[in-house]
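Next one to model:
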Amino acid sequence: MYNSFFTSYDRIYNFEELDFPTDGVTLDNSDAKRPFIIFNMVSSVDGKATTNKGELGSLGSRPDRLLMKRLRSQVDAVVVGGQTLRQDLFIPTVPTDLAAERQKNFPKPQPLGIVITNSGDLPQEHRFWEAGKEWRMVITGEDTKIAPWLEDKAQIVRFPTVESQIDLKEVLQDLLKKFDVKRLLVEGGAALNYTLISQGYADELFLSFAPYIVGGLDNMSIVAGKGYGLGEGDLAKLKLRSLYHHDSELFLRYQFQQ
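Numbers count the residues shown, from 1 in each chain. Have a look, this model is predicted:
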């Protein structure tokens, strides 16, 4: 599929075209299930997710931001890692012009905003917290120290850790079973993307290719972990589902091949 779109929502993956599963995904060949997991990222042509100032968000165009809002309108929750919250103005809300469409398919008007943090180090002065405790969740380790103010701003959910890392298998299972999160949108950062993908918890990737060359060794890519490859050097294979373009920008939708 090859098409182009401009700046109206009805040209950017309507609900029927997205068609995300609504009953979850079998978790590790067991009877348990996890949410259907979608990644949405923007990258320069040379594979950078940050600019020459180390900033997030500078690469995204207006069509890319419209796509981000469309995806947020079609999921139960949006999650980022702690580093992304510290660097980005992350506010996972659905705009009013998409509210009516969302209400046809989702019981709640807004997705749940989630932050996963191993360290517990989260910025207090951030608009993310203004939505209220009902709409915000912090996932952290069972022994992680968190600031007292967080208790009033978000639901705090603790999970076991393995080598100081949160057990994502249990996290995903609980999100579906206890919080009815059937479709989960991941918006970075690179470390969270790496952890989920390397453990096989990935279903689709929406990747916007911005027509820029950034350069610089210190700029992050969209997926980053220690060493080479994913864990044992494996590669995550993708299948292209669709390709859109606007001016010189490309919008790709991939399916992860398990």
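
ok, Gly188 - contacts?
By CB atoms under 8 Å, 6 or more residues apart in numbering, the residues touching Gly188 are Met41, Ala49, Leu56, Val80, Gly81, Thr84, Ile222. C-betas here are computed from N, CA, C, even on glycine.

let's see 6 Å
Contacts for Gly188 (CB atoms under 6 Å, 6 or more residues apart in numbering) come out as Val80, Thr84.

Distance of it relative to Leu196?
Relative to Leu196, Gly188 is positioned 11 Å away (CB to CB, to the nearest Å).

swap in Arg72?
18 Å.

Pro21 touches Ile37, doesn't it?
No: Pro21 is beyond contact range of Ile37, at 10.5 Å (criterion: CB atoms under 6 Å).

Settle it for me: which of the two has more neighbours?
Just comparing Pro21 and Ile37: by other CB atoms under 10 Å the higher neighbour count belongs to Ile37, 22 against 11.

and Tyr254, what are its phi and psi?
Main-chain torsions, Tyr254, degrees, to the nearest 10: phi -120, psi 150.

what's the burial count for it?
By other CB under 10 Å, 20 other residues sit near Tyr254.

Report the spatially nearest residue to it, omitting neighbours in sequence.
In space, and not counting its chain neighbours, Tyr254 is closest to Leu238: 4.0 Å by CB to CB, 6 or more residues apart in numbering.

Return the set of buried residues in the helix or strand containing the one you found.
Using DSSP states H and E, the element containing Leu238 is strand 237-246. Neighbour counts over strand 237-246 (16 or more other CB atoms under 10 Å) mark Leu238, Tyr244, His246 as buried.

show me where pLDDT drops low in the stretch 1-150 of the chain?
1-11, 52-57 (pLDDT under 70).

mind listing the helices for it?
15-18, 62-72, 82-87, 99-103, 150-153 (DSSP state H, counting those that start in this stretch).

Mind giving me the packing neighbours of the strand holding Leu238?
Using 3 or more CB pairs under 6 Å, 6 or more residues apart in numbering; DSSP states H and E, the elements in contact with strand 237-246 are strand 2-4, strand 249-257.

most tightly surrounded among those?
Stretch with highest mean neighbour count among those: strand 249-257 (a mean of 17; mean count of other CB atoms under 10 Å).

Tyr212 is nearest to which of the helices of the stretch 1-150 of the chain?
Tyr212 sits nearest to helix 62-72 of all the helices of the stretch 1-150 of the chain, at 12.2 Å, using CB to CB.

what's next to the closest one, contact-wise?
By CB under 6 Å, 6+ apart, the list of residues contacting helix 62-72 from outside reads 7, 9, 12-13, 40, 42, 78, 92, 94-95, 111, 185, 208, 246.

and if you look at stretch 86-101?
56, 69, 72-73, 78, 80, 102, 110-111, 113, 123, 127-128.

quick one: the strands in the stretch 101-250 of the chain?
According to DSSP state E, counting those that start in this stretch, the stretch 101-250 of the chain carries its strands in the segments 112-117, 136-141, 155-159, 161-162, 165-166, 183-186, 204-210, 237-246, 249-257.

The fifth one pairs with which strands?
Put plainly, it is strand 165-166. Sheet pairing of strand 165-166 (DSSP bridges) gives strand 161-162 (antiparallel).

The second one now?
For strand 136-141, the paired strands and their directions (DSSP bridges) read strand 112-117 (parallel), strand 155-159 (parallel).

what's the offset of it from the middle of its chain?
Distance of strand 136-141 from its chain centroid, counting by CA atoms, centre = their mean, to the nearest Å, is 15 Å.

which ones are touching the nearest residue to Phe256 once chain neighbours are set aside?
Excluding the flanking residues, the one nearest Phe256 by CB to CB, 6+ apart is Ala202, at 4.6 Å. Residues in contact with Ala202 (CB under 6 Å, 6+ apart) are Ile37, Leu196, Phe256.

switch the cut-off to 10 Å
Ala202 makes contact with 37-39, 186, 193, 196, 223, 236, 238, 254-256, 258, according to CB atoms under 10 Å, 6 or more residues apart in numbering.
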